[in-house]
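[1] Just to be clear, the model below is a prediction. Sequence and coordinates:
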Amino acid sequence: MPRPILATIHTEALRHNLARMRRAAGDSRVWGIVKANAYGHGIERVFDGLRAVDGFALLDLQEAQRVRALGWRGPILLLEGVFEARDLELCSRLNIWHAVHCDQQIDMLAMHKTHQPHRVFLKMNSGMNRLGFTPARLRAAWSRLDALPQVDEISLMTHFSDADGPRGIGHQMQVFAETTRDLPGERSLSNSAAALLHGDEPGVRADWIRPGIAIYGSSPDFPVHDIAHWDLRPTMTLASRIIGVQDLAAGESVGYGSSFTADVPLRIGVVACGYADGYPRHCTTGTPVLVEGVRTRMVGRVSMDMITVDLTPVPDAGFGSEVTLWGRGPGGAVLPIDEVAHAAGTVGYELMCAVAPRVPVVVGE
Ligand SMILES: *Cc1c(COP(=O)(O)O)cnc(C)c1O
């Protein structure tokens, strides 16, 4: 028997969340972001739930090939563009659009031999200061691209650093609008947070939005708003079972470092899930968990293969009881991944991307 841990990908929830982001997009088109193997879900596993997108955006040419292999003939965008010259051959062959964020990428394009001119997304650095041309250098880059026979259509993109926070997107919107005012071409600006929190502001939706995390059922501005507020549903459930029970007397401790000590007699369930499955070791006593769909708390430290949970709210639970680490539990219970991430001092993105290879994954409703 394999260990009882299992991840389930919810196709219907992916469909629902994508429809939700379409509402946020208004008349704009929607890139479904499937980088990092569809945020840890698996590109092949999300494809059916996301086939209503207008295009798939990702970082890795191998992932782009996998999307084409699934039969997708629509747009695919490489969000960081190419990493070396020969990547352009595959872009030509598979008709993959790509970002252009630096002069070296333009140099590679200028040397590239193709009969198939490329559609490129010229990336502007409007203040995030990772990738892209600064306002001072954007127009020169645009003119260089415009003069290349290898380039067909030039679109414009930028990325927001603070769409989910108090600083907001106003300063970057202004820099982008001023710099690109008289340049032709489609525009793409907004990630999930910008589309949900700022979508009603002029120009924010532009021609394409680029939602990732919201499609995967995590709130971009948790804990300010949770997924219920945004009408999003979990797309991944991580579930396991209780494989042992301990009755602690008051004063007894559980786990490494004896970091949790019971102050009253306590029934403890031992769950087959640990940090080697991708459950964050930073979670401490109090992290929410569902047992048979009932909310309770983790106690003590996360071990490599086990965690321990307080069974007080579920007196009937015992060996074999179902445990939901995040996602959907029995009886319609939901434990958003954001709550577990928050308890670990991180974000839902990291948890869903980090489910370990040893965890079996199935696609379900
Ligand atoms: C990852 C990414 C997105 C999606 O961001 P979310 O916060 O997951 O919605 C959008 N644009 C770019 C350039 C990205 O790298």
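    Nice, thanks for sending it over.

[2] contacts and neighbour counts: CA atoms only from here.
    OK.

[3] Check which residues of the helix ranked longest in the chain are buried.
    Looking across the chain with DSSP state H, the single longest helix is helix 11-25. Neighbour counts over helix 11-25 (16 or more other CA atoms under 10 Å) mark 11-22, 24-25 as buried.

[4] which parts of this protein sit against the ligand?
    Taking CA under 6 Å from any ligand atom as the measure of proximity, the chain contacts the ligand at Ile33, Leu79, His159, Asn191, Ser192, Arg210, Pro211, Gly212, Ile213.

[5] Report the inter-axis angle for the lengthiest strand in the chain versus helix 11-25.
    Longest strand in the chain, counting residues (DSSP state E): strand 236-248. Per axes from the mean of the first three to the mean of the last three CA atoms, to 10 degrees, the angle that strand 236-248 makes with helix 11-25 is 120 degrees.

[6] Give me the contact list for strand 236-248.
    Residues outside strand 236-248 that contact it (CA atoms under 8 Å, 6 or more residues apart in numbering): 4-10, 41, 216-217, 262, 265-273, 318-329, 352.

[7] Can you flag which of those belong to strands?
    Checked against DSSP E, these include these in strands: 6-10, 266-271, 322-328.

[8] filter the residues you listed to the buried ones?
    So, of the ones in strands among the contacts of strand 236-248, 6-10, 266-271, 322-328 end up buried under the neighbour-count rule (16+ other CA under 10 Å).

[9] So, low pLDDT: which residues of the stretch 201-350 of the chain?
    The stretch 201-350 of the chain contains no residues with pLDDT under 70.

[10] show me where it has helices.
    Secondary structure of the stretch 201-350 of the chain (DSSP state H, counting those that start in this stretch): helices at 227-230, 337-343, 348-353.

[11] Dump these to a markdown table, plus mean neighbour count.
    A markdown table is the format used below for these (neighbours: other CA atoms under 10 Å):
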| stretch | mean neighbour count |
| --- | --- |
| helix 227-230 | 16 |
| helix 337-343 | 22 |
| helix 348-353 | 20 |
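
[12] For the ligand, what's the nearest residue on the stretch 1-150 of the chain?
    For the stretch 1-150 of the chain, the residue closest to the ligand is Leu79, as judged by CA to the nearest ligand atom, at 5.5 Å.

[13] sorry, that was for the stretch 51-200 of the chain
    For the stretch 51-200 of the chain, CA to the nearest ligand atom, closest residue to the ligand: Ser192, 3.6 Å.

[14] was I right about that residue contacting Tyr216?
    No. Between Ser192 and Tyr216 there is no contact under CA atoms under 8 Å: 10.4 Å.

[15] Tell me which of the two has more neighbours.
    Neighbours were counted for Ser192 and for Tyr216 using other CA atoms under 10 Å; Tyr216 has more, 29 against 26.

[16] how close does the residue nearest to that one when sequence neighbours are not counted sit to the ligand?
    Leaving aside its chain neighbours, Tyr216 sits nearest to Thr235 (5.4 Å; criterion: CA to CA, 6 or more residues apart in numbering). According to CA to the nearest ligand atom, to the nearest Å, Thr235 and the ligand sit 14 Å apart.

[17] Number of residues surrounding Thr235?
    Using other CA under 10 Å, Thr235 has 31 neighbouring residues.

[18] quick one, what contacts it?
    For Thr235, the contact set (CA under 8 Å, 6+ apart) comprises Ile9, His10, Thr11, Ala13, Leu14, Tyr216, Gly217, Gly327.

[19] can you count the residues close to Gln116?
    Applying other CA under 10 Å, I find that Gln116 has 15 neighbouring residues.

[20] So what does the spatially closest residue to it that is not a sequence neighbour look like in phi/psi?
    In space, Gln116 comes closest to Ser92 once its chain neighbours are excluded; the distance is 6.0 Å by CA to CA, 6+ apart. Main-chain torsions, Ser92, degrees, to the nearest 10: phi -60, psi -50.

[21] about what we covered before: whichever of the residues of the chain next to the ligand end up buried, select them in ChimeraX.
    The ChimeraX command for the buried members of the residues of the chain next to the ligand (criterion: 16+ other CA under 10 Å) is given here:
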select :33,79,159,191,192,210,211,212,213
